[in-house]
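[1] what follows is a predicted protein model with its sequence.
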Amino acid sequence: MADAPSQDKRPQPDPAEDNAFFPSAYSLSQFTSPKSDLSGADYPAPYTGPKKILMIGADERYLLTDNGTFFSTGNHPVETLLPMYHLDKAGFAFDVATVSGNPVKFEFWAMPSQDEAVKGFFGKYRAQFKEPSKLADLIAKGLDDYAAIFIPGGHGALIGLPESADVKAVLEWAAKADRFVISLCHGPAAFLAVGDSDIYRGYRICAFPDALDAKTPEIGYMPGHLTWKFGERLQKLGVEIVNTDISGAVHQDRKLLTGDSPLAGNALGKLAAEALLKALGPR
């Protein structure tokens, strides 16, 4: 008989930092799973050309909340690995970068521990996750080799990316060069890096709703509330967020591909793989 889910809604201490916390046992029982919904990654005519995808990862783990506690975060494994898995199977290799050049931080507590395909794919890119490129170095070399930019979610995307001049430069390049940008959940917070630019004005996206973020401390997912609302700020820049809940929804607006949450990881991967293959062909 399976064990009953824990009812403990107290955030769990992260002993690596003062006053830092992982999600509660209850919230993990509700929002993580030992297996993902990875499926449908079958692309009989994969891309064989030279262009790659640039993944911009989170490089900071601790997010300060309104009550002085830290949320121990990073990139969500499902939001990162499922889209990458689909694109990899469709023939696209990745370069991994962070703003600092420090390792990508993951919410490893959300890794689907019994999903061998996902864990195996993490292993394929482990070396790059641990020793990514520094984003500024790639910008200096030129970005023309990339067909798309991928910014995964997890609350780690709220730290540093929205203020980064390098993220701004990459997104401005992608818009000018007519490249795809792929993101989900909290990843679209990085779009704030473009500032008052009109790059995304009038675009419609999926993202994690601010209203749901405000409720997560009630079940101990976060130890406190966020100090700002990324969706609200995106809307002030003229971006329309089309979802008010999370259901696994994805959306394509021109070459901007987005998803609402970890529930959208598989669908966004499939959407992105099919869109890139349609645009670029097998070669």
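    Structure received.

[2] and Phe106, its phi and psi?
    Torsion angles at Phe106 (phi, psi; degrees, to the nearest 10) stand at phi -120, psi 150.

[3] repeat that for Phe191.
    phi -60, psi -20.

[4] Tyr200 is in contact with that one, correct?
    Yes: with contact defined as CB atoms under 8 Å, Phe191 reaches Tyr200; the gap is 5.6 Å. (Glycine included, C-beta is placed from N, CA and C.)

[5] so the two - more neighbours on which side?
    Neighbour tally, Phe191 and Tyr200, criterion other CB atoms under 10 Å: the higher count belongs to Phe191, 28 against 22.

[6] residues contacting the more buried one?
    Contacts for Phe191 (CB atoms under 8 Å, 6 or more residues apart in numbering) come out as 171, 183, 200, 234, 237, 239.

[7] count of neighbours near Gln7?
    9.

[8] ok, it to Ile219 distance?
    Gln7 is 10 Å from Ile219, where distance means CB to CB, to the nearest Å.

[9] about what we covered before: could the contacts of Phe191 be laid out in TSV, adding secondary structure and distance to Trp228?
    Below are those laid out as TSV (DSSP: H, G, I helix; E, B strand; the rest coil; distance: CB to CB, whole Å):
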residue	secondary structure	distance to Trp228
Leu171	helix	20
Ser183	strand	18
Tyr200	coil	18
Leu234	helix	11
Leu237	coil	14
Val239	coil	16
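
[10] from these, which two are the most distant?
    Greatest spatial distance among the contacts of Phe191 (CB to CB): Ser183 and Leu237, at 14.8 Å.

[11] neighbour count winner among these two?
    The residue with more neighbours, out of Ser183 and Leu237, is Ser183; 27 against 17, by other CB under 10 Å.

[12] before we move on, the earlier item: what residues are shared contacts of Gln7 and Ile219?
    What both Gln7 and Ile219 touch, as defined by CB under 8 Å, 6+ apart, is the set Tyr26.

[13] then stretch 35-52 to CSV, C-alphas only?
    Provided in CSV are the C-alpha atoms of stretch 35-52 (Å, rounded to 0.1, in the frame of the first residue of the first chain):
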residue,chain,number,x,y,z
LYS,A,35,7.9,10.3,-13.0
SER,A,36,7.3,13.1,-15.6
ASP,A,37,4.8,13.1,-18.4
LEU,A,38,7.6,12.9,-21.0
SER,A,39,6.1,11.5,-24.2
GLY,A,40,5.9,12.0,-28.0
ALA,A,41,9.5,12.9,-28.6
ASP,A,42,9.6,11.2,-31.9
TYR,A,43,11.0,13.2,-34.8
PRO,A,44,11.7,10.9,-37.8
ALA,A,45,13.3,13.7,-39.8
PRO,A,46,15.5,15.5,-37.3
TYR,A,47,17.5,18.7,-37.9
THR,A,48,21.0,18.0,-39.2
GLY,A,49,22.3,21.5,-39.7
PRO,A,50,24.8,23.5,-37.7
LYS,A,51,22.6,25.7,-35.6
LYS,A,52,22.2,25.1,-31.9
